[in-house]
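Engineer: sequence and predicted structure below; questions after.
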Amino acid sequence: MRKVLGFILFIAGILLVFLSQISVTGNVIAENLGDSRYVLSAVLIIFGVVLMAFPIPLERRVVESKDKIEIKNAFRQWNGRLTNSQKHVLRKYGLRTETTGGNHVAFYFPYSQTKVYTSSTPSDQRSGLNFALKQLIPYIEENYLEHVA
């Protein structure tokens with residue numbers, strides 16, 4: 001989305017350059033920046049290039065704060081088996097699970113090469129909450145857009 005917006009702004013700046021009859025040379029911005037009628041086109045061109053060249057890693061947050069609370073609440077009482085609320089959260093983001101041979105549960109996106117693991121025999125009451133906050137939510141944010149959306 002940022003790249004498209006950047007491209008549109010860049011094209012709008014170029015059109016303003018031609019419509020304002022600015023001489024198009026390599027130093028078009030430096031030559032004409034002093035004149036106030038050319039500032040808008042220069043700003044549009046520069047801003048368009050910046051938007052196209054420097055994308056933000058997460059253009060939109062996949063897991064909003066209300067969704068983080070839902071994930072935290074679902075995994076707060078993790079006992080090694082999936083509850084209905086945990087299954088609902090996993091379905092919502094398209095995650096799959098599998099039990100490994102070493103008493104761990106793997107959470108992953110289909111076709112993803114990375115997985116996150118947690119113990120199927122948690123050591124304390126906060127292990128599910130810690131897993132949700134430190135592993136599951138960051139994993140969803142990093143991988144959701146490329147594997148599901």
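Structural biologist: Yep, it's here.
Engineer: strands along the protein, start to end?
Structural biologist: 96-99, 104-108, 116-119 (DSSP state E).
Engineer: tell me which of those lies nearest to residue 47.
Structural biologist: strand 116-119 (38.0 Å; CB to CB). Any C-beta I mention is one placed from the backbone N, CA and C, and that applies to glycine too.
Engineer: for that closest one, buried residues please.
Structural biologist: 116, 118 (16 or more other CB atoms under 10 Å).
Engineer: so where is the chain shaky, pLDDT-wise?
Structural biologist: For the chain, the stretches with pLDDT under 70 are 1-2, 17-38, 52, 54-62, 145-149.
Engineer: could you save the strands of the chain as CSV and add columns showing distance to residue 137?
Structural biologist: As requested, the strands of the chain are exported to CSV (distance: least, CB to CB, whole Å):
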stretch, distance to residue 137
strand 96-99, 16
strand 104-108, 11
strand 116-119, 10
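Engineer: quick one: which of the ones you listed is nearest residue 76?
Structural biologist: Closest among the strands of the chain, using CB to CB: strand 116-119, at 13.2 Å.
Engineer: the closest one pairs with which strands, and in what direction?
Structural biologist: strand 104-108 (antiparallel) (DSSP bridges).
Engineer: who's in contact with the strand it pairs with?
Structural biologist: Contacts with strand 104-108, where a contact means CB atoms under 8 Å, 6 or more residues apart in numbering, come from 80, 90, 95-100, 114-120, 136, 139.
Engineer: quick one, which of these are buried?
Structural biologist: 90, 95, 115-116, 118, 136, 139.
Engineer: which elements pack onto the longest helix anywhere in the chain?
Structural biologist: If you go by DSSP state H, the chain has its longest helix at helix 2-19. Packing partners of helix 2-19 (3 or more CB pairs under 8 Å, 6 or more residues apart in numbering; DSSP states H and E): helix 39-53.
Engineer: residues of the helix it packs on that come out buried?
Structural biologist: Buried residues in helix 39-53 (16+ other CB under 10 Å): 41-42, 44-45, 47-48, 51-52.
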